[in-house]
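S.K.: here you go, sequence then predicted model.
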Amino acid sequence: MADYQRQEGKAKGQGCSDSSCFFCAMNESNRSLRRVKLVQCFKQMPLRNDQQQQQQQHVLALTTLWNIAMNQPNDPEFPSLGIFECMAKLIQRALNDNKWLLTGQNIYIPYYAAHVIGSYTINKAHFAHKAVKSGVVLPLIEILKSTSTTTTWVEKRVAVRALGHIASHDRTFEAIFATRYETEVVELSMEIALTCIDEVYDKFVGISYKKRLNYHSNLLTKGIGGYEIENKKAEKWASQLQCWSLYLLNCIACRERCLEIICNKKFLMELCGMWGGLANPSSPSGIGLIKTLCETKLGRQSIAELDHVIETICNISRSSDDWQIMAIDSLLLLLKDPETRYKVFESSVLCLGDLVELRSCGGRQKVGQRITQTLLQDYHKIKYGDLRLKSKKAEKALEEIWDMKVDRRKREKIMSEEEISERKTLVGQFKKEGNLCFWSGDIENAVKKYSKALYLCPLKRRKDRIVIHSNRAQCYLLLRKPDLAISDTTRALCLSSAVSPHGKSLWRRSQAYDMKGLARESLMDCLTFVKERMRIKSEKSSKRGRIPYYAACMINKQMNATWIFARASSNNKHEDIVKEIRGDDVVDQNIMTPHCKSTIVEPSVEKRFGRRKVQMLGRGSKKSIGVTNRWSDSHTCEQKNR
């Protein structure tokens, strides 16, 4: 409230004589009179044609309303006094009267008006109902439809946010989508999700500092900051624009509306690579919408036909991504449907087979048990019947799951103490032999020794199995077999605690994903590895732990690769993705460019961790910081675990 008090003071100092002045109304001590004045103010605001000085106060009033709505979204005062109708009329006037919009500071009005609507409708369904009755829906849709140069990605960001909040409430969803605009809103949201990143880059981030629209720069940084700060904020806003578009589509898909439009194959191919990123960790982004689609029959049928989408889901399900559980749920939904089970079975069994011992994920317990039941629900048809899979690898993976979860458990239950003791001795012996082979450079023999140790190791000896799986994964990395390394590290991480994951396995899986060019998965594993390492260091010592130099290099590399504008910056001219959706062109399946370099937004290691710290790391001994060569670094870090 301090803002309006300051502005009210200015208005008084200038001798304010306006009976519908917002700041005078807010300063009224009599509550009843204050409400009357605010109602009058909201009615007059869209109709005013004042001089420049008064127009400036007009925009200042809107910024004050925006600030109040952001900080007090549940306060019923303004929604009950006609603020929604006022904002709707302001947006409509801005869209219809270009001359008025470009007068003074009126260019800011559509942004703040749509933002106010979105902020008040985020939590309260009855606020959203008032907004719909006040006619806000059509002006918000018109912002999305507008091709005018004065209606840009900045306004679309807050318009799609407001529509998403309104659509999230059951009562107001029908008010929007039980109209002739339903299909149009879906198509517009899909178009924004597909093109917004390129648009923000082409019209803001990728152009020179002097050519940027002043009001964009002012909105992004509130007049404080320079080139780099603007770029970082633009990156966040571009990600939010895409995420809120997907959120609106998710609200529609949840109610099984317009699925035939959303399930466009080319859109789904792009969708699986849409990531909220580190800037928006709370948004489930593309994987959230995919999971929602997998809950519908048409969605499952469409997704099951796309090998690239299934592969992406499998990669996320074996990563440190916050939405790993959504990827697992998506695969299980596809496997439980008889019509899609065997379309995705051979791809997903190789992935989910590594997760059968996962105890908890995303706050859920017994996740591995659910996976096992789903994979083995008709295994008897393969084991005893005529059902055969096309892939021998998939059949072998199923056989291993059956052996581990059924046959092996039965065998170990009836083992004598003497036999268990003999097995422990043999496991230790094979593990030692594997270590000797590894250090002598005989990597293939080391793999064989570790495999024998795993076969003999009792299932209850989880710690031993973690180390052996992780050691064998390191061998696969040196043999350039990243898929097998991912499998072993995932199994080791499933056996370890979710609260304290096995650090070495995280680092090795990060390397394996990097070897495959999967930057997102590699980055999330590396960040989790660093977090776990810092936690352990802080527990052992009061001194703050240092980020290993090799991990800092990996983080910097993958952040450049996963930079939201990586693909946009690599193309001089972007193809029209909307035409691709219509079938005119082929969609590029490389959703992320693994080795793209960024010099605009993504900071270097020095900027991220501090130049002095990196220089100190660089002067340190190889023993303390590791070395930049990944093969050598892996060797120097192994001895404690072997």
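M.R.: Ah, there it is.
S.K.: straight-line length of stretch 396-409, end to end?
M.R.: By C-alpha to C-alpha, to the nearest Å, the extent of stretch 396-409 from end to end equals 18 Å.
S.K.: list the buried ones in that stretch?
M.R.: Using 16 or more other C-beta atoms under 10 Å as the test for burial, stretch 396-409 gives Ala397, Leu398, Ile401, Trp402, Lys405. Glycine gets a C-beta too; all of them are placed from N, C-alpha and C.
S.K.: and the last one, how far is that from Gly353?
M.R.: Spelled out, that is Lys405. In this view, Lys405 and Gly353 are 11 Å apart by C-beta to C-beta, to the nearest Å.
S.K.: my guess is Trp244 meets Ala162, correct?
M.R.: No - with contact defined as C-beta atoms under 8 Å, Trp244 does not count as touching Ala162 (9.1 Å).
S.K.: the two: which is more packed in?
M.R.: Just comparing Trp244 and Ala162: by other C-beta atoms under 10 Å the higher neighbour count belongs to Ala162, 30 against 27.
S.K.: give the contact list for the more buried one.
M.R.: Ala162 makes contact with Ala114, His115, Ile117, Gly118, Thr121, Val136, Leu140, according to C-beta atoms under 8 Å, 6 or more residues apart in numbering.
S.K.: 6 Å - rerun?
M.R.: Contacts for Ala162 (C-beta atoms under 6 Å, 6 or more residues apart in numbering) come out as Ala114, Ile117, Gly118, Leu140.
S.K.: what's the spacing between it and Val132?
M.R.: 11 Å.
S.K.: swap in Phe78?
M.R.: 16 Å.
S.K.: can you check Ile290 too?
M.R.: 29 Å.
S.K.: pLDDT value on the residue positioned nearest the centre of the chain, please?
M.R.: The structure's the chain has its C-alpha centroid closest to Gly276; by C-alpha atoms, centre = their mean the separation is 3.0 Å. Looking at Gly276, its pLDDT stands at 85.
S.K.: that older thread, identify the farthest-apart pair in the contacts of Ala162.
M.R.: Spatially, the most separated pair among these is Gly118 and Leu140, at 8.8 Å (C-beta to C-beta).
S.K.: higher neighbour count, the two?
M.R.: The neighbour comparison of Gly118 against Leu140 (other C-beta under 10 Å) goes to Leu140, with 29 against 26.
S.K.: hmm, that one is touching Arg161, no?
M.R.: No - the criterion here is C-beta atoms under 6 Å, and Leu140 misses it with Arg161 at 9.5 Å.
S.K.: now Lys383: closest residue in space, sequence neighbours ignored.
M.R.: The shortest distance from Lys383 to any non-neighbouring residue, by C-beta to C-beta, 6 or more residues apart in numbering, is to Trp402 (7.2 Å).
S.K.: helix or strand right after the biggest helix by length in the chain?
M.R.: If you go by DSSP state H, the chain has its longest helix at helix 227-254. Sequence order places helix 259-262 as the next helix or strand after helix 227-254, per DSSP states H and E.
S.K.: for the very next helix or strand once past that next one, what is the average pLDDT?
M.R.: The helix or strand immediately downstream of helix 259-262 is helix 265-271, counting by DSSP H and E. Averaged across helix 265-271, the pLDDT comes to 95.
S.K.: then the following helix or strand past helix 265-271 to PDB, C-alphas only?
M.R.: For helix 265-271, the following helix or strand on the C-terminal side (DSSP H and E) is helix 285-293. In PDB, the C-alpha atoms belonging to helix 285-293 read as follows (Å, rounded to 0.1, in the frame of the first residue of the first chain):
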ATOM      1  CA  SER A 285       5.900 -28.500 -18.400                       C
ATOM      2  CA  GLY A 286       5.800 -31.000 -21.300                       C
ATOM      3  CA  ILE A 287       6.000 -34.200 -19.200                       C
ATOM      4  CA  GLY A 288       3.000 -33.000 -17.100                       C
ATOM      5  CA  LEU A 289       0.800 -32.600 -20.200                       C
ATOM      6  CA  ILE A 290       2.100 -36.000 -21.600                       C
ATOM      7  CA  LYS A 291       1.100 -37.700 -18.300                       C
ATOM      8  CA  THR A 292      -2.400 -36.100 -18.500                       C
ATOM      9  CA  LEU A 293      -2.800 -37.300 -22.100                       C
END
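S.K.: got the contact list for helix 285-293?
M.R.: Contacts of helix 285-293 (C-beta under 6 Å, 6+ apart): 243, 246, 249-250, 253-254, 271-272, 274-276, 299, 316, 323, 326-327, 329-330.
S.K.: can you check stretch 331-338 too?
M.R.: Applying C-beta under 6 Å, 6+ apart, the contact partners of stretch 331-338 are Cys294, Arg300, Ala304, Ile313, Thr340, Arg341, Val344, Ser348, Thr374.
S.K.: now do 10 Å
M.R.: 291, 293-297, 299-301, 303-304, 310, 313-314, 316-317, 340-345, 347-349, 351-352, 355, 367, 370-371, 373-375, 377-378 (C-beta atoms under 10 Å, 6 or more residues apart in numbering).
S.K.: quick one, what contacts Arg461?
M.R.: Here Arg461 is in contact with Ile420, Arg423, Lys424, Val427, Ile468, Leu495 (C-beta under 10 Å, 6+ apart).
S.K.: save the residues you listed as a markdown table, and put in secondary structure too.
M.R.: A markdown table is the format used below for the contacts of Arg461 (DSSP: H, G, I helix; E, B strand; the rest coil):
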| residue | secondary structure |
| --- | --- |
| Ile420 | helix |
| Arg423 | helix |
| Lys424 | helix |
| Val427 | helix |
| Ile468 | helix |
| Leu495 | helix |
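S.K.: what sits against Leu376?
M.R.: Here Leu376 is in contact with Val356, Ile382, Lys383, Leu398, Ile401, Trp402, Lys405, Val406 (criterion: C-beta under 10 Å, 6+ apart).
S.K.: let me know the closest of those residues to Lys390.
M.R.: Nearest member of the contacts of Leu376 to Lys390, counting by C-beta to C-beta, is Ile382, at 12.1 Å.
S.K.: in what helix or strand does that closest one lie?
M.R.: Element membership for Ile382 (DSSP H and E) is helix 379-383.
S.K.: what mean pLDDT does the helix or strand following that helix have?
M.R.: Using DSSP H and E, the helix or strand that follows helix 379-383 in sequence is helix 392-402. On average, the pLDDT along helix 392-402 is 88.
S.K.: and helix 392-402, how far out from the chain middle?
M.R.: Relative to its chain's centre, helix 392-402 lies at 32 Å (C-alpha atoms, centre = their mean, to the nearest Å).
S.K.: for stretch 124-132, same thing?
M.R.: Worked out by C-alpha atoms, centre = their mean, stretch 124-132 lies 28 Å from the chain centre.
S.K.: CA atoms only: put it into PDB for me.
M.R.: Provided in PDB are the C-alpha atoms of stretch 124-132 (Å, rounded to 0.1, in the frame of the first residue of the first chain):
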ATOM      1  CA  LYS A 124     -10.500 -18.200  -5.500                       C
ATOM      2  CA  ALA A 125     -13.100 -19.800  -7.700                       C
ATOM      3  CA  HIS A 126     -15.700 -17.200  -6.900                       C
ATOM      4  CA  PHE A 127     -13.200 -14.400  -8.000                       C
ATOM      5  CA  ALA A 128     -12.800 -16.300 -11.300                       C
ATOM      6  CA  HIS A 129     -16.600 -16.500 -11.600                       C
ATOM      7  CA  LYS A 130     -16.900 -12.700 -11.100                       C
ATOM      8  CA  ALA A 131     -14.200 -12.200 -13.700                       C
ATOM      9  CA  VAL A 132     -16.000 -14.300 -16.300                       C
END
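S.K.: in it, what's buried?
M.R.: By 16+ other C-beta under 10 Å, the buried positions in stretch 124-132 come out as Lys124, Phe127, Ala128, His129, Lys130, Ala131, Val132.
S.K.: what about the host helix or strand of the fifth one, average pLDDT?
M.R.: Element membership for Lys130 (DSSP H and E) is helix 125-133. Taken as a whole, helix 125-133 carries a mean pLDDT of 94.
S.K.: residues in contact with that helix: which ones?
M.R.: So helix 125-133 is contacted by 73-76, 78-80, 82-85, 87-88, 116-122, 124, 136-137, 140, 162, 165-176 (C-beta under 10 Å, 6+ apart).
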